[in-house]
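Asks: take a look and give me a structure for this.
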Amino acid sequence: FHPWKCMSEPSIDHRFFSESLVDNPAALPVNADALAVKQADGRAVVRCRRLELQQYARLGCCELAAAETPTPIHTRYWGGEDYDRLYTAYDQVVWEARWQGSHLTVIDLSWETGCGTENRVWVIGDSVKIAEAFVLDIDRKTHAPGEAILVFSSGRWNRSESLYGAVQAASFEDLILADDLKTSIREDFASFLRSEARYNRLGIAWRRGALMIGPPGNGKTHCVRALLKELNVSSLYVQSLSHRHYTDEQMWRQVFERARGLRPCVLVLEDLDSLVNDENRSFFLNQLDGLEQNHGLIVLATTNHPERIDSAIIDRPSRFDRKYHFKLPTREGRLNYLQAWQSKLEQETCWQCEEVEEIAGACDGFSFAYLKELIISSTMNWMQSPELKFATVMENQATILGAQMKTESDQGPRTNGRLRRSGRRSGRA
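Replies: Residues are numbered from 1 along each chain as shown. You can find the predicted model right below:
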């Protein structure tokens, strides 16, 4: 009841929106809303744009089943090698939910428009209070990624459990870096997360931007994974800004809005030089420079090509105040890496520790990725001819890989290994 309303004011016909939008796609949710209210038969209806109901059920927060009528519209898809089974993706479905002693019906409707996919949800409960409490609890408990990494691609966030698994499997103990780089990275970020109160007392913005620079194959991706595991805060990863209809500015806005809602968190921008271009640079900088809005936000970026990044990004300390250089390993770095592998392979291959130094000298210019390829290819070749001395096989493989490196250098730079593994199950976030 609104006391300011005049009792004699004309009543607007309930069909006004549906009839005025009859030839417009916007009429679809209007008509669907009228049908939902009719089906509710006097029960309360709460409307939402999107609801992570299945994720909520997977967390054990409610019991959920798809109603048989109307028949759900869905597709089946393979979960990939790590999740070798078929999963169901629903386009249109009516859910029956049991939550805290209440029964709720949830209508989930999706349709294609000229700018992508639209989604509407109607939650039907015994009262508005129950339905709204249900919606609020879902949003609160599914907002954070939980045991997943939020991956941004094709204009939407998806939960990647496989990437989370790869992060949890990473370790700084398996990472060999030059000098005290590893210690510096670990201490810098751990100290930052512990120091919010001190930053606030000193009036300094509690945010951190870090850029990992260096040629591919020297540990940047491994370091990012190990760091995400160690910091143990919500993590978001931008895979691509590409979209058929939306601009890069709209994509960047979605990225930073979600990250700000999860602070403290880490926002990973792998291959920064491919994400920021002349068209979106100004908007990206505006988002990066947000002061109060970015409180508690860690932006962790990597690049193989710092020369492609505008000086306004790479040279201004307030944007990326930490720069870590991942250089090709020195002779000592190669020796340490090969010695770690020698201790693992010695019993099987009879590779002797005194043979490692000569091989390390023969691998000048090798990245850590190429050293690993040297180990793997040598092991595979030795398994085919175990009568050969393992060190001899390695020396031959080092010559072959060295020639391959020269060929690739002549043809131009390769793309690096990405943080995200392909072909794995993800969930909409």
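Asks: tell me where the protein has strands.
Replies: 44-48, 63-66, 73-78, 86-99, 102-113, 116-125, 149-153, 156-160, 208-213, 234-238, 265-269, 297-303, 322-325, 426-428 (DSSP state E).
Asks: tell me which of those sits nearest to E373.
Replies: Closest approach to E373 among the strands of the chain is made by strand 297-303 (20.5 Å; C-beta to C-beta). C-beta here means a position set from N, CA and C on the backbone, and glycine is covered the same way.
Asks: pull up the pairing partners for that closest one, direction included.
Replies: Strand pairing for strand 297-303, determined by DSSP bridges: strand 208-213 (parallel), strand 265-269 (parallel).
Asks: redo the ones you listed as CSV? Include mean pLDDT and mean neighbour count.
Replies: Shown next, in CSV, are the strands paired with strand 297-303 (pLDDT from 0 to 100; neighbours: other C-beta atoms under 10 Å):
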stretch, mean pLDDT, mean neighbour count
strand 208-213, 95, 22
strand 265-269, 97, 24
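Asks: in a markdown table, list the strands of the chain along with distance to D180.
Replies: A markdown table is the format used below for the strands of the chain (distance: least, C-beta to C-beta, whole Å):
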| stretch | distance to D180 |
| --- | --- |
| strand 44-48 | 51 |
| strand 63-66 | 51 |
| strand 73-78 | 45 |
| strand 86-99 | 45 |
| strand 102-113 | 52 |
| strand 116-125 | 47 |
| strand 149-153 | 28 |
| strand 156-160 | 32 |
| strand 208-213 | 16 |
| strand 234-238 | 25 |
| strand 265-269 | 22 |
| strand 297-303 | 19 |
| strand 322-325 | 11 |
| strand 426-428 | 37 |
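Asks: just for the stretch 101-250 of the chain, where's the confidence low?
Replies: Across the stretch 101-250 of the chain, the ranges flagged by pLDDT under 70 are 179.
Asks: in it, which spans are helices?
Replies: Residue ranges of the helices in the stretch 101-250 of the chain, as given by DSSP state H, counting those that start in this stretch, are 128-143, 161-169, 181-194, 196-202, 220-231, 248-260.
Asks: and the fifth one, what does it pack against?
Replies: Pointing back at helix 220-231 there. For helix 220-231, the packing partners by 3 or more C-beta pairs under 8 Å, 6 or more residues apart in numbering; DSSP states H and E come out as helix 161-169, helix 181-194, strand 208-213, strand 265-269, strand 297-303.
Asks: now those as CSV including distance to T330?
Replies: Listed next are the helices and strands packed on helix 220-231 as CSV, based on distance: least, C-beta to C-beta, whole Å:
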stretch, distance to T330
helix 161-169, 27
helix 181-194, 12
strand 208-213, 17
strand 265-269, 28
strand 297-303, 21
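Asks: between the ones you listed, which one is closest to L371.
Replies: That would be helix 181-194 among the helices and strands packed on helix 220-231, by C-beta to C-beta, at 16.8 Å.
Asks: show me what that closest one packs onto, helices and strands only.
Replies: For helix 181-194, the elements it packs on are strand 208-213, helix 220-231, strand 322-325, judged by 3+ C-beta pairs under 8 Å, 6+ apart.
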